[in-house]
Structure formats: C-alpha cells, structure tokens
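Structure, please.
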Amino acid sequence: MNTGVGVAASALREMALNGLKQGDAALAEQYFARLLEQVPDDAEALQFVAARHVSRGDANRALAMLQAAVKARPDHPDLWHQLGVVQSMTGDLQGAAESLRCCLDLAPHMFVARLRLGMALEQLGDTHHALLAYFGAVNSAQAEGRWMSDATTAPGLRQPVQHAMRFIDAGRRRTFDAVLEPLRERYGRASLARVEECLAIYLGERPASLPDPRQKPKFLYFPGVPSQAYYGRERFPWQAALEDATDIIREELRDVLAENQPLEPFLGNQTVEELSGHLSASGVQPAAWDAYFFYRHGDRFDDHHRRCPRTSAVLERIPLVRIRDHAPETLFSVLRPGTHILPHRGVTNTRLVTHLPLIVPPDCAINVGGELHEWQEGRCVTFDDTFEHEAWNRSDRTRVVVILDSWNPDLTEVERLAVTDLVETIGDFNRASEVSVPGS
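This is a model prediction of the structure:
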C-alpha cells in the first residue's frame with residue numbers, strides 16, 4: 001500500500017467509525033465500502049459490510065465478503081464465527097461446521113459459536129457430535145453465569161438454548177443407558193436399582209435425598225448406603241496387612257525424604273492467592289501440602305514404584321478402586337509444619353479414603369463432618385470425604401500419611417462394575433465436549 005492510499009484508507013476508516021459512534025450504520029457502511037475500493041481485503045470493512053448485507057437478507061453477497069475476510073485474517077475467530085453463521089443461512093451446513101470449528105480452535109470459550117456448531121451438526125444428522133457441541137456450549141456459558149434462565153440468555157438465543165438443553169437431556173440419558181444395558185441383561189434390573197437411581201440423580205431427573213446434611217458429593221451421589229463420616233476397621237479385612245507393613249513403608253518413606261526425591265504440590269502449581277482458598281499457615285513458614293504419588297487419577301508412577309518396591313508390593317495387593325482416568329489414587333501425603341488444609345469435600349461416596357499414618361507429630365488431626373480424629377502411627381482411619389473435612393499440622397515437624405482410596409464396602413460387586421463403566425463413560429463424554437465440566 002503506497003503512502004497516499006494508506007492515508008486515504010485511514011481517513012475513510014476513521015469516518016466509518018465516527019459514523020458508528022453517532023449510531024449511523026448507513027453512513028459507516030458507505031465509508032467502509034469506499035475503503036474496500038482502495039483496500040479490497042480489509043477484514044474490518046469486509047466484516048461490517050457483510051453484516052449489513054445479512055441484515056438486508058442478502059446472505060450470498062455477505063458470504064463472498066466473509067470468505068475474503070477470513071482469507072485475509074485467518075487468525076480472527078469472530079470472522080470464522082460470522083462466516084459459519086452465514087454459511088448456515090445459505091444452506092452450506094458442512095462449510096458452516098468447518099468454519100465454526102476453525103473459530104473454536106482459535107477461541108474455545110466462544111460458547112455461542114459452539115451452540116451454532118451443534119445446530120449445524122444436528123441438521124447434518126451427526127447427533128453424537130451435535131450432543132457434545134451443545135453440552136460444551138451450555139457448560140461453558142453457565143460457567144460464566146449465562147444461560148441459567150431467560151434473564152441470563154439473549155432473547156435471540158433463548159429458543160435454540162432451550163432446544164439444546166432438551167437435546168442434551170435426551171442424549172445423555174441415551175448415552176448412559178447404553179452403558180448400563182449389558183449389565184441389566186446379565187444381572188437383572190433389580191441388582192442395578194440403586195445405580196439407576198444414582199444415574200437419575202446425576203442427570204438431574206430426581207433430587208438427591210441425602211440423609212445427612214453434612215454430606216454433599218461434588219460429582220456422584222450413590223443412594224441407599226449408610227451415611228457416616230468414619231467407617232470401622234472391621235469393614236476392610238485388608239487393613240490388617242497394611243498396618244503390619246507400617247515399618248517397611250515408613251523406612252522407604254524416610255529414604256525418599258532423605259534423598260530429596262522429587263515431591264509435587266498435591267494441589268498442583270498454583271499461585272499464593274489461588275492456594276489461599278485451600279491452605280493456610282499458622283506459623284512463619286508458608287503452607288505446603290506435598291505428595292509422592294504411586295497412582296494419581298489412575299495413572300501409575302512407575303519410577304516411584306521402583307524406588308519403593310516394598311511399599312508398592314503392599315499397595316498392589318489392596319483392592320483399590322480402578323477406574324480409568326479417575327482411580328486409584330495412592331501417595332505419601334506430606335503436610336509441612338503449620339499447614340492447615342481448609343474444609344473441602346470429595347466427589348463421590350462410591351469410594352472411601354483411608355489414611356495409614358507414618359509420621360505423626362503432636363497436634364496433628366483430621367476433622368470429618370465435625371468429628372475429630374487424631375492420627376495414630378500404624379493405625380488406619382477410613383472416612384467418607386464427601387463430608388466436609390479438614391486437616392492440620394500445628395507442630396514444628398512434618399506429618400506424613402499414606403492416602404489410598406477403596407470401594408465403599410456397602411456397594412455390591414455388580415454395583416461396582418456399573419459405577420466403573422458409568423464413571424468412565426461420563427469422563428469420556430465430558431472430555432469429548434472440549435470444555436471443563438464442574439464436579440466431574
């Protein structure tokens with residue numbers, strides 16, 4: 001662009017923008033059109049004039065302009081979004097879906113574009129991917145406080161959002177029913193009655209009637225089992241062998257600590273401000289909750305198993321919960337002096353948490369549902385972490401326990417199979433929706 005053309009183009013753009021400030025869209029269009037005579041690939045002018053053509057019902061002229069705009073600015077998600085909308089209007093649903101995917105690749109948070117992608121895919125007959133797109137759109141919007149009601153939904157989107165929610169309800173029910181059907185056929189519906197109720201609660205089809213107000217699972221509530229903060233040792237025959245191995249496990253733990261083996265923050269790498277909602281310090285040292293994982297979210301830490309072979313052998317003999325991408329979770333939990341793990345809740349009562357205390361200085365305890373427990377070295381304690389719980393180390397030394405998860409003993413073998421299949425499918429579905437789903 002030579003200098004003269006550049007100056008003229010800048011002047012035309014300024015006049016177009018002034019027209020917009022004055023609320024005169026026709027004047028703005030006039031100047032943007034003149035700008036395009038000098039700079040045919042100016043994306044801003046193309047986008048505005050295209051929108052004006054759409055407002056007059058001339059989608060075809062708008063289409064050509066938006067195609068030129070995305071060619072000039074392929075890194076601009078709004079252009080891809082607008083192109084996808086116009087392609088839908090002209091009946092090019094495949095092209096619309098491709099353009100909207102380009103938009104979301106650049107800006108995954110654009111939930112309206114994801115909604116429109118779902119609409120295009122539904123019309124194309126791709127119900128599975130339409131369901132995922134709708135689910136991702138609604139969750140992303142609601143994470144920002146949108147689409148919670150008519151009042152939080154733009155008038156022009158209320159009908160498609162309501163349609164998407166109905167589509168999601170039917171589609172998720174269909175998806176998760178299909179997972180349970182083989183188990184129904186093999187074991188009979190009666191054996192899965194509590195699982196059926198659990199699924200209905202998860203899908204919001206019926207309320208969760210929790211018998212104890214202290215209990216609030218963040219993800220999955222399984223009904224019909226006793227609601228209690230702590231579980232007696234007699235419910236877990238394997239705990240005796242675990243307790244018998246305390247000295248062996250503690251010896252390997254001390255070697256890990258003495259050799260400065262790498263630990264990682266249990267809560268991940270977060271800023272001090274982010275951690276303030278989870279941990280607090282009672283002394284001069286910063287709060288720290290570290291972990292030496294053997295399993296996390298079902299992933300095995302092979303190097304740690306090799307480093308602590310006797311601990312590994314003991315843990316591998318325990319009937320841990322094994323759910324792909326979710327469980328087991330086993331670790332040395334290292335709570336530094338003066339650290340308080342603030343009250344929080346776990347995700348599901350289908351599994352329980354066991355601590356085997358290895359190093360316990362004075363003034364260390366856990367509080368589950370308002371019931372205080374002081375750890376005793378070599379003595380397991382098992383609790384339901386869907387009850388609000390907290391833990392603290394008010395001493396000047398480090399506290400270490402083994403943490404592991406096991407099935408709630410009040411679930412039958414068939415129910416455990418069903419929960420495993422169901423949780424894995426829910427996880428796959430949520431990940432495929434391409435957005436974070438709270439509480440999963």
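
how close does the nearest residue to V347 once chain neighbours are set aside get to L83?
Leaving aside its sequence neighbours, V347 sits nearest to F219 (C-beta to C-beta, 6 or more residues apart in numbering; 3.8 Å). Quick note: C-beta positions are derived from backbone N, CA and C, even for glycine. Going from F219 to L83 by C-beta to C-beta, to the nearest Å gives 38 Å.

What of C198?
Noted for C198: a distance of 44 Å to L83, by C-beta to C-beta.

Can you tell me who Y231 pairs with across the strands?
Taking DSSP bridges as the rule, Y231 bridges to T382.

from what I can see F32 touches A50, true?
No: using C-beta atoms under 8 Å, F32 is not in contact with A50; the gap is 10.0 Å.

quick one: low-confidence ranges for the stretch 1-150 of the chain?
Applying pLDDT under 70 to the stretch 1-150 of the chain flags the ranges 1-7.

Please enumerate the helices of it.
Using DSSP state H, counting those that start in this stretch, the helices of the stretch 1-150 of the chain run over residues 3-21, 25-38, 43-55, 59-72, 77-89, 93-106, 111-124, 127-143.

Which among the ones you listed is found nearest to T311?
The minimum distance between T311 and the helices of the stretch 1-150 of the chain falls on helix 127-143, with 39.3 Å, by C-beta to C-beta.

and the angle from the top helix by length along the chain to helix 127-143?
Ranked by residue count and defined by DSSP state H, the top helix of the chain is helix 158-187. In terms of direction (axes from the mean of the first three to the mean of the last three C-alpha atoms, to 10 degrees), helix 158-187 departs from helix 127-143 by 120 degrees.

Now do helix 158-187, average pLDDT.
Per-residue pLDDT over helix 158-187 has a mean of 97.

The residue nearest to V347 and Y295: what is the separation?
19 Å.

ok, the two, which is more surrounded?
More neighbours surround Y295 than the other of F219 and Y295, with 22 against 19 (other C-beta atoms under 10 Å).

Just read off the phi/psi values of that one.
Note on Y295: backbone dihedrals following degrees, to the nearest 10 are phi -140, psi 150.

Was I right to think it contacts D302?
No: taking C-beta under 8 Å as the contact criterion, Y295 and D302 are not neighbours in contact, 10.5 Å apart.

and the longest helix of the chain, what does it pack onto?
For helix 158-187, the elements it packs on are helix 111-124, helix 127-143, helix 193-202, helix 413-432, judged by 3 or more C-beta pairs under 8 Å, 6 or more residues apart in numbering; DSSP states H and E.

Which positions in stretch 395-413 come out as buried?
395, 398-411 (16 or more other C-beta atoms under 10 Å).

wait, stretch 36-51
Across stretch 36-51, burial judged by 16+ other C-beta under 10 Å covers 36, 39, 42-51.

separation between the residue nearest to V347 and E234?
28 Å.

Surely L352 forms part of a strand?
Yes: assessed by DSSP: H, G, I helix; E, B strand; the rest coil, L352 belongs to a strand.

Now do the contacts for it.
Neighbouring residues of L352 by C-beta atoms under 8 Å, 6 or more residues apart in numbering: 231, 382-385, 405-409.

let's see 10 Å
Counting by C-beta atoms under 10 Å, 6 or more residues apart in numbering, L352 makes contact with 230-231, 235-236, 321, 346, 382-386, 404-410.

again, but for E415
Residues counted as contacts of E415 (C-beta under 10 Å, 6+ apart) are 183, 187, 191-195, 198, 222, 224-225, 350, 407-408.

Same list (these) but as TSV, adding distance to E377.
Output for the contacts of E415, formatted as TSV (distance: C-beta to C-beta, whole Å):
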residue	distance to E377
L183	42
Y187	42
S191	41
L192	42
A193	42
R194	37
V195	38
C198	37
F222	32
G224	36
V225	30
T350	29
W407	26
N408	26
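
Quick check, W147 in contact with I168.
No: contact status for W147 versus I168: not in contact, 11.6 Å apart, counting by C-beta atoms under 10 Å.

anything in contact with each of these two?
Counting by C-beta under 10 Å, 6+ apart, the common neighbours of W147 and I168 are 137-139.

Buried among those residues? Need that as a selection in PyMOL.
Those of those that count as buried under 16+ other C-beta under 10 Å are selected in PyMOL with:
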select buried, resi 137+138+139
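
Output the shared contacts of W147 and I168 in a markdown table; the columns should cover distance to M65.
Formatted as a markdown table, the shared contacts of W147 and I168 follow (distance: C-beta to C-beta, whole Å):
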| residue | distance to M65 |
| --- | --- |
| A137 | 27 |
| V138 | 31 |
| N139 | 33 |
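
What is the nearest of the shared contacts of W147 and I168 to R13?
Nearest to R13 out of the shared contacts of W147 and I168 is A137 (C-beta to C-beta; 33.8 Å).

these two touch, right, the closest one and E144?
No: counting by C-beta under 10 Å, A137 stays clear of E144, with 11.6 Å between them.

list residues touching both of the two?
When C-beta under 10 Å, 6+ apart defines a contact, the residues bordering A137 and E144 alike are F111.

From one end of stretch 285-303 to the other, what's the distance?
Criterion C-alpha to C-alpha, to the nearest Å; first-to-last residue distance in stretch 285-303 is 30 Å.

Any buried residues in that stretch, and which?
287-296, 298, 301.

ditto for stretch 190-200
191-192, 194-195, 197-199.

what's in contact with it?
Defining contact as C-beta under 10 Å, 6+ apart, one finds that stretch 190-200 is touched by 172-173, 176-177, 179-180, 183-184, 189, 205-209, 220-225, 348-350, 410-419, 421-422, 426.
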